[in-house]
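>>> Build the 3D model from these lines:
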Amino acid sequence: MSKPLQRSLQQLKRSLLSLATVVEEQCKDALRSFHNSDEQLAEIVIERDNEVDLIEVDIEEDCLKILALYQPVAFDLRFVVAVLKINNDLERIGDLALNIAERSAALSKKNLPETTLQLDVMGDLVIGMVKRCIDALINKDIELARQIMAMDVKVDQVHRDHFEAVKQAIIEYPVHALDFIQLLSISRYLERIGDQTTNIAEDVIYLVEGEIVRHRHVETGYSEGLAADI
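Numbers count the residues shown, from 1 in each chain. Below is the predicted model of the structure:
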């Protein structure tokens, strides 16, 4: 590997990890704003989304420059391709954190009846997946990547439970129907974050083994598309 290419790849890795750190913080703050009915924190998450977008664009441009200037092969080529995909997944997770913050701001002044929704449990699961996918990427840990893919099954199940819980809550408290739908949308955004972290886990496996594992989830226990229509 030439020294200029090595330096470019190292800088690309640092940039991707910087984006991952910001996105993880966005997810945590979005959920914290929801649980604490903190409209001000929700607004901070919304405003910071622009930072995520700018980093994502810079990383994509750096990837394209590396491909054009150095024409990497083998592992180096897989690394750049994986970064391009993971970069997009992380930006999408940032968008979903923004969506959660927007719903949190809208619900912050509401006084809703008790429901059986477990958004705190689901949030902890999803944040755990985000953290693990970053660790899997840093350490090139394919076993951890496979654990993330399996965890997504639990997230999908919780989301399906929430769908049923919201239907029941609307029947009992129809005056709050729109608010309950907002709660369900938060559940949906969390489920989608789980899907994006699963994509990153798949890209880690591709990076390390050179194997594309999309649509091959029988071995991992991961089931793509669960709750896709909810």
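
>>> Now do the strands in the protein.
For the chain, strands defined by DSSP state E do not occur.

>>> Report the contact partners of the closest residue to residue 151 other than its chain neighbours.
The shortest distance from residue 151 to any non-neighbouring residue, by Cβ to Cβ, 6 or more residues apart in numbering, is to residue 129 (5.5 Å). In this view, the C-beta of every residue, glycine as well, is placed from N, C-alpha and C. By Cβ atoms under 8 Å, 6 or more residues apart in numbering, the contact list for residue 129 reads 148, 151, 152, 155, 193, 194, 197, 198.

>>> Between those residues, which sits nearest residue 49?
residue 193 (14.3 Å; Cβ to Cβ).

>>> Let me see the confidence value for the closest one.
On pLDDT, residue 193 comes in at 98.

>>> Could you do residue 228 as well?
40.

>>> likewise residue 214?
As predicted, residue 214 sits at a pLDDT of 75.

>>> Please name the nearest non-neighbouring residue to it.
Using Cβ to Cβ, 6+ apart and skipping the chain neighbours, the partner closest in space to residue 214 is residue 202 (5.7 Å).

>>> how far away is that neighbour from residue 143?
Counting by Cβ to Cβ, to the nearest Å, the gap from residue 202 to residue 143 is 14 Å.

>>> a markdown table please, covering the contacts of residue 129 and showing neighbour count and distance to residue 63.
Formatted as a markdown table, the contacts of residue 129 follow (neighbours: other Cβ atoms under 10 Å; distance: Cβ to Cβ, whole Å):
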| residue | neighbour count | distance to residue 63 |
| --- | --- | --- |
| 148 | 27 | 23 |
| 151 | 22 | 28 |
| 152 | 27 | 26 |
| 155 | 26 | 29 |
| 193 | 31 | 23 |
| 194 | 28 | 25 |
| 197 | 30 | 21 |
| 198 | 26 | 22 |
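
>>> Closest one of those to residue 105?
For the contacts of residue 129, the nearest to residue 105 is residue 193 (18.3 Å; Cβ to Cβ).

>>> isn't the closest one right up against residue 94?
No - Residue 193 lies out of contact with residue 94 (Cβ atoms under 8 Å); the separation is 9.8 Å.

>>> if I look at these two, which residues touch both of them?
By Cβ under 8 Å, 6+ apart, no residue touches both residue 193 and residue 94.

>>> Pull the contacting residues for residue 180.
112, 115, 166, 169, 170, 173.

>>> Next: residue 16.
Per Cβ under 8 Å, 6+ apart, neighbours of residue 16: 59, 83, 86, 87, 90, 137.

>>> swap in residue 207?
So residue 207 contacts 75, 78, 79, 82, 137, 140 (Cβ under 8 Å, 6+ apart).

>>> got the contact list for the fifth one?
With contacts taken as Cβ under 8 Å, 6+ apart, residue 137 has the following neighbours: 16, 17, 20, 86, 200, 204, 207.

>>> 7 Å - rerun?
86, 200, 204 (Cβ atoms under 7 Å, 6 or more residues apart in numbering).

>>> how many neighbours does the last one have?
Counted with other Cβ atoms under 10 Å, the burial measure for residue 204 works out to 26 neighbours.

>>> That one contacts residue 135, doesn't it?
No - taking contacts as Cβ atoms under 7 Å, residue 204 lies outside contact range of residue 135: 9.9 Å.

>>> Please identify the buried residues of stretch 170-190?
170, 176, 179-180, 182-190 (16 or more other Cβ atoms under 10 Å).

>>> would you turn those into CSV with pLDDT and distance to residue 213?
Listed next are the buried residues of stretch 170-190 as CSV, based on pLDDT from 0 to 100; distance: Cβ to Cβ, whole Å:
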residue, pLDDT, distance to residue 213
170, 95, 39
176, 94, 42
179, 94, 40
180, 95, 37
182, 95, 35
183, 95, 33
184, 95, 31
185, 97, 30
186, 97, 29
187, 97, 27
188, 97, 25
189, 98, 25
190, 97, 23
